[in-house]
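**Q** Sequence first, then the predicted structure:
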Amino acid sequence: MSRAPTTAMVLAAGLGTRMRPLTDDRPKALVEVGGRALIDHVLDRLADAGVEKAVVNVHWFADRLEGHLNSRDRGPEVVISDERAELLETGGGLKKAHALLGDDPVFVANIDSIWIDRGDALADLVRLWNPDTMDAALLLARREGSIGFEGDGDFFLAEDGRLTFRGDAPSAPFAYMGVHITQPGYADDGPDGPFSLSPLWRRSAAEGRLFGCVLDGDWMHVGDPGARDEAEARLGEAA
């Protein structure tokens, strides 16, 4: 079994445009669901999985987010990757943060995913991860029953865990749910400035080096105020 990453990259620099008006005075990371900021849901999950250091990128209302992170009373240790000057997207953010992340495999996590776990999703992802055979291991959710996800799905999943993109198919059964494991240098060959991880994943998938496993639980993609309200109601039902 692979050793669980002890470092994570938390992607918290987005503008949160779809979350307005809730992001008129705060970053999306500080929108609350169930009485806790989105970023606290993510950092607490990572801490429970053994993460000791989280590199968090900041841009929109960066000072307010930094202040909140400084006030947390539990791990992981937070290191800031400052994107105030330019928002770098997922790939550019990972590339910029590489020096802060070290050289061992890392979790990379969005801040707009909350889930109710019937198993142990992050441990399943760690068990799947094998740097010899894969570039990235993605945590997936079934489209059916997910809250806040309205797309046609992202991936097909083979029996051995290999992922292929939906391509021209009208739909695919699985969506990326916002957490993956990769090498911290995975995006180093990307262009200068902002770029997405998606083209890198497509290249890895074409080479048979993109893998995934499926959450046993309920996924909530908190992308807009309506989804936030639905997620809050679902958490209340599960409490």
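**A** Perfect, I can see it now. Numbering: from 1, shown residues only.
**Q** Only C-alpha atoms from now on, for both contacts and neighbour counts.
**A** Noted.
**Q** Excluding chain neighbours, give the residue nearest to L69 in space.
**A** Among residues not flanking L69 along the chain, V78 sits closest, at 7.2 Å (Cα to Cα, 6 or more residues apart in numbering).
**Q** what's around the one you found, how many residues?
**A** 20 (other Cα atoms under 10 Å).
**Q** ok now do it, which residues does it touch?
**A** If you count contacts by Cα atoms under 8 Å, 6 or more residues apart in numbering, V78 has them with 53-56, 69.
**Q** What backbone torsions are found at it?
**A** For V78, the backbone dihedrals are phi -110, psi 130 (criterion: degrees, to the nearest 10).
**Q** which residues does it bridge with?
**A** Judged by DSSP bridges, the bridge partners of V78 are A54.
**Q** Report pLDDT for it.
**A** For V78, the pLDDT comes out at 97.
**Q** Against L30, how distant is it?
**A** Using Cα to Cα, to the nearest Å, V78 is found at 15 Å from L30.
**Q** Also K96?
**A** 23 Å.
**Q** I'd like the next helix or strand past the one helix or strand W201 maps to.
**A** If you go by DSSP states H and E, W201 is part of helix 198-206. Remark: after helix 198-206, the chain's next helix or strand is strand 210-214, criterion DSSP H and E.
**Q** Nearest spatial neighbour of E77, chain-adjacent residues omitted?
**A** K53 is the one closest to E77 (Cα to Cα, 6+ apart), at 4.6 Å.
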